[in-house]
Structure formats: structure tokens, C-alpha cells
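no FASTA, just this:
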């Protein structure tokens, strides 16, 4: 990251704004996805359920650092009744009351979801020598292929993502999917979701046999380059612990750490 004074650093949106942007992006994706069952709001709590086997895609989410426990409990009950792997997500470190609430719903494993952000002027877009031609946008006609590569990249069971990326998702306004090619094979995915001067980075996944060759960096850089060229001033994403050093080397910094509760790791 470049050295900047505090007034410049403050230009990155607040944690509240980025949390709202993340949920709005998630809601937009769900709204156009054939896998979506429902999206709901109750006070400061949001809920969404999709026909997927990915717990973070079926969640009761508190938008507040001080969750309304009654609303969160009611939404968790509704999501939990959907019959799919699911989660409770809260911003920041979960209180004892939230831990107990999650346990009552059978969600006893807590994990971290670091939320990172990067201003356009801070982004380090070196692609590790990868050529732009190796990474290309993909529309809805390539939805099945995109899903197959995404599934392999995350090491998920076949069918785990269902029809999440099917239908017209990859042709929706503000949504751009990417595939990376190596030796004639599609081996990595990315997804950019833009709105209100922000570009959300999602679905960065590389097939196990193609890792450690710079593809994750290259496809992330492509999402950022296109998003910033389209007018975004800040990028944001959630990261795993393993991928965090990569994103920090590209200019991202920690904004807030969320907690996700699931039945298992």
C-alpha cells in the first residue's frame, strides 16, 4: 500500500457502508438467480436462502454491531427450517449472547470473515506476468462451465452451488463473471459486482491443480481493473485466512472482521 495521510485513508467507505454494499450485492445476486428461494429483512437483520449446499449462501445476518437478538433468533429459525446448510453471520466479535443463540440453533462452529477494502489509488495491479488474454468475461451462456470451475476451485462437492450462477445471473447489470484459461482448460473464476462507486470481488477460486501460478492474483487484478475503469473508487471483499496475504499485497486492508456460525467447519 502506498503511504497516504489520514485524510486520504478516510476516503474509503465506512464499515457500515461496506457491510450494506455487501448485502445489497448478495441480494442482487440472489434476486436474479434461479437458485434463490427468498430474501427477507426484519429490523437490522437480513436473511436469504438459496438452493445451494453452501452455508454462507443461506444465512441470517445482523447488519448491526449490536444485534437485535429477538430479530436474529426469528430469522435464524426461518432460515434453519429451509433444510439446507446454513449460517448465522454477525459483524465484529460475537457476544456471549450471540454464541448462545447460535448454539441453540445447532450452529456451534465459529469462523472469521475478514472484510477488506482497497481504494483505487492504492491498488497494486501487478498480474504476476499473466496475460490479459488468459482471463475473459463470461456471460450466461457459460453459466454451467463457470459453475463447474467454481465448484472445483472451492473444493466443493458436485452440485453444491446448484443453479446459483445459472439463468441470467452472468448477464445481469453490474455483474461480470470471469474465467481464466491455462493450457486450453478453464481453471479459475472471479466475479465483480459494481454499484454506487464500489466494486465487490467474489468467487475468486482456482482449481487445485492450477494453484501457486499467479492465477488468483491475475483474475483479482482483472476484476479490479475493469471495476475501476467503469467508475468504482473502492473495492471490497471477504477473504479466507489463507488468501488474505495475497489481497493485502494488492493494496487491500482490514476494515472489519465478521463472525460466521455453522454446524461444522
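Okay, I see it. Predicted model only: the values in this text are computed from it and were never measured. Numbering: from 1, shown residues only.

where's the residue nearest in space to the middle of the chain relative to residue 100, distance?
Nearest to the geometric centre of the chain sits residue 202, at 4.2 Å (C-alpha atoms, centre = their mean). Separation of residue 202 from residue 100 (C-beta to C-beta, to the nearest Å) stands at 31 Å. Every C-beta, even on glycine, is put in place using the N, C-alpha and C of the backbone.

What of residue 47?
Counting by C-beta to C-beta - residue 47 and residue 100 are separated by 20 Å.

And residue 140, by the same measure?
43 Å.

These two: which has the busier surroundings?
residue 140 (18 against 11; other C-beta atoms under 10 Å).

pretty sure the more buried one is touching residue 168, no?
Yes: using C-beta atoms under 8 Å, residue 140 makes contact with residue 168 at a distance of 5.3 Å.

okay, and the common contacts of these two?
Contact criterion C-beta atoms under 8 Å, 6 or more residues apart in numbering; no residue bridges residue 140 and residue 168 by contacting each.

all strands of this protein, in order?
Along the chain, counting by DSSP state E, strands occupy 36-42, 45-50, 59-62, 87-91, 109-119, 135-138, 175-182, 185-195, 198-206, 234-238, 253-262.

which one of these is the most hemmed in?
Of the strands of the chain, the one with the most neighbours on average (mean count of other C-beta atoms under 10 Å) is strand 59-62, at a mean of 27.

contact partners of it?
Taking C-beta under 8 Å, 6+ apart as the rule, strand 59-62 contacts 23, 44-48, 68, 72, 75-76, 78-79, 86-91, 260.

Parallel or antiparallel, which strands does it pair with?
strand 45-50 (antiparallel), strand 87-91 (parallel) (DSSP bridges).

Compare those strands and give me the one nearest residue 56.
strand 87-91 (5.6 Å; C-beta to C-beta).

Run the angle between the closest one and strand 109-119 for me.
50 degrees (axes from the mean of the first three to the mean of the last three C-alpha atoms, to 10 degrees).

re earlier: got CSV for the strands paired with strand 59-62, with distance to residue 207 and mean pLDDT too?
CSV is the format used below for these (distance: least, C-beta to C-beta, whole Å; pLDDT from 0 to 100):
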stretch, distance to residue 207, mean pLDDT
strand 45-50, 23, 97
strand 87-91, 25, 98
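
To residue 19, which of the ones you listed lies closest?
strand 87-91 (6.1 Å).

Which residues outside that closest one are in contact with it?
By C-beta under 8 Å, 6+ apart, strand 87-91 touches 15, 19, 55-56, 58-65, 67, 72, 76, 98, 101-102, 105, 107, 113, 256, 258-262.
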